[in-house]
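A.B. asks: okay, sequence plus prediction incoming.
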Amino acid sequence: MNYEGKVYRPWMEADSFLIQTTIGCTHNKCTFCDMFREKRFRIRDIEDIFKDIDDARNYLRHIRSLFLIDGNVLALKTDFLLKVLHKVTSTFPECDKISAYAGLNDLRRKSVEELKQLKDAGLDKVYTGLESGDVVTLENIKKGLTREQAKKGMAHAKAAGIEVLISIIFGIGGRKRSREHIVETTKLLNILQPEELAPMALTIQPGTILKKQVVSGEFIQATPLQILEEEKYLLENLEDFDMLYWGDHSNNIETLKGMLPSFREYFLQKVNHAITHHPVAGQEVLQTSPW
């Protein structure tokens, strides 16, 4: 494939074939993110996208799952996306899952009817970063998203029948706003009720604004104990709606994966044990690896 620059996909899409539909991210201002820093957002020529799809068909006999990259794929006009989706489904009739990155603002800006068209054309699921539900934290990390915008985006997706995986970041509020971050994030998640949730512990990426803030002392990282306490609060206070919990990111202190609320008590046992016994709980900073 003719991938441009660094390529990212969610860890749960490890077996999916990647089709680069956009280059970069429409927002690209989040203080913690370095995924698309070297790219200026643009749309790939549709002929190049189609060529990649045809080339994949020539080399691969069977594709069951396909993921559209880069960031904010749903920022594209609906007609353009429909052409891509129709090309995918006609070229890979055996493909039974198509997913993509999308911002909650992308979902908000599209009408329910547009999203229904995308769903009917084969788009099953989108991955979107909420990161926090705390208004102060959202402003600090330059997310470009408000709570009300998140609610509207999720409402549009639910009305269209498109599943949404939301990611949040333990520790993104820093040491000072750890409690406010997780309390407000949990409240918002109880309103949004995504089909899937991917929580991950914060990594300080080299070259980011957040890295500079850590070095200057403007941002003080949450302790590993605070990160564990954030996960405990989340698990204790999420309401009883069905949701797949992808708490198995490599940065997380505990590896937790399963359906909520049925796995709630088991997860809490593991987190409480880590709070009391895990060696990292006594450290000042959680050591994680950059993406």
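C.D. replies: Yep, it's here.
A.B. asks: can I assume residue 125 sits in a helix?
C.D. replies: No. Per DSSP: H, G, I helix; E, B strand; the rest coil, residue 125 lies outside any helix segment and is strand.
A.B. asks: any idea how many residues pack against it?
C.D. replies: Residues near residue 125, counting by other CB atoms under 10 Å, number 19. Any C-beta I mention is one placed from the backbone N, CA and C, and that applies to glycine too.
A.B. asks: ok, residue 118 next?
C.D. replies: Neighbourhood size, residue 118 [other CB under 10 Å]: 23.
A.B. asks: what's the end-to-end length of stretch 214-229?
C.D. replies: 22 Å (CA to CA, to the nearest Å).
A.B. asks: which residues sit against it?
C.D. replies: 170-171, 173-176, 178, 182, 201-202, 204, 210, 213, 230, 253-254, 271, 274-275, 278, 280-286 (CB atoms under 8 Å, 6 or more residues apart in numbering).
A.B. asks: which of those fall in helices?
C.D. replies: 178, 182, 210, 213, 230, 271, 274, 275 (DSSP state H).
A.B. asks: test my guess that the last one contacts residue 269.
C.D. replies: No. Distance between residue 275 and residue 269: 10.9 Å, which falls outside the contact criterion (CB atoms under 8 Å).
A.B. asks: the two - which one has more neighbours?
C.D. replies: residue 275 (17 against 10).
A.B. asks: what residues are up against the more buried one?
C.D. replies: Residue 275 makes contacts with 225, 228, 229, 232, 281, as judged by CB under 8 Å, 6+ apart.
A.B. asks: list the contacts for residue 122?
C.D. replies: 85, 86, 88, 89, 95, 98.
A.B. asks: just the buried residues out of the contacts of stretch 214-229, in PyMOL syntax.
C.D. replies: Buried members of the contacts of stretch 214-229, defined by 16 or more other CB atoms under 10 Å, are picked up in PyMOL with:
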select buried, resi 170+171+173+174+178+182+201+202+204+210+213+230+253+271+274+275+278+281+286
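A.B. asks: taking the contacts of residue 275, tell me the two that lie furthest apart.
C.D. replies: Maximum pairwise distance among the contacts of residue 275 (CB to CB): 11.6 Å, between 232 and 281.
A.B. asks: and residue 149, how close does it get to residue 128?
C.D. replies: Here the criterion is CB to CB, to the nearest Å. By it, residue 149 lies 11 Å from residue 128.
A.B. asks: how far away is the nearest residue to residue 176 once chain neighbours are set aside from residue 172?
C.D. replies: Distance criterion CB to CB, 6 or more residues apart in numbering; nearest residue to residue 176, sequence neighbours excluded, is residue 220 at 6.7 Å. Residue 220 sits 13 Å away from residue 172, going by CB to CB.
A.B. asks: please apply the same query to residue 83.
C.D. replies: For residue 83, the distance to residue 172 - CB to CB - is 37 Å.
A.B. asks: looking at the two, which is more packed in?
C.D. replies: residue 172 (29 against 16).
A.B. asks: the closest residue to residue 126 other than its chain neighbours: neighbour count?
C.D. replies: Closest residue to residue 126 apart from its sequence neighbours, by CB to CB, 6+ apart: residue 102 at 4.0 Å. Neighbour count for residue 102, taken as other CB under 10 Å: 28.
A.B. asks: next one: residue 22
C.D. replies: Using other CB under 10 Å, the number of residues around residue 22 comes to 24.
A.B. asks: quick one: contacts for it?
C.D. replies: 41, 42, 43, 44, 69, 70, 71, 72, 73, 75, 76.
A.B. asks: again, only this time at 10 Å
C.D. replies: Applying CB atoms under 10 Å, 6 or more residues apart in numbering to residue 22 gives the contacts 36, 39, 41-44, 49, 68-76, 100-101.
A.B. asks: are any of these buried, and if so which?
C.D. replies: For those, buried by 16+ other CB under 10 Å: 36, 39, 41, 44, 49, 68-76, 100-101.
A.B. asks: need the helices for the protein, in chain order.
C.D. replies: Counting by DSSP H, the chain has helices at residues 46-59, 78-91, 104-109, 112-120, 135-140, 147-160, 178-192, 209-216, 224-237, 264-277.
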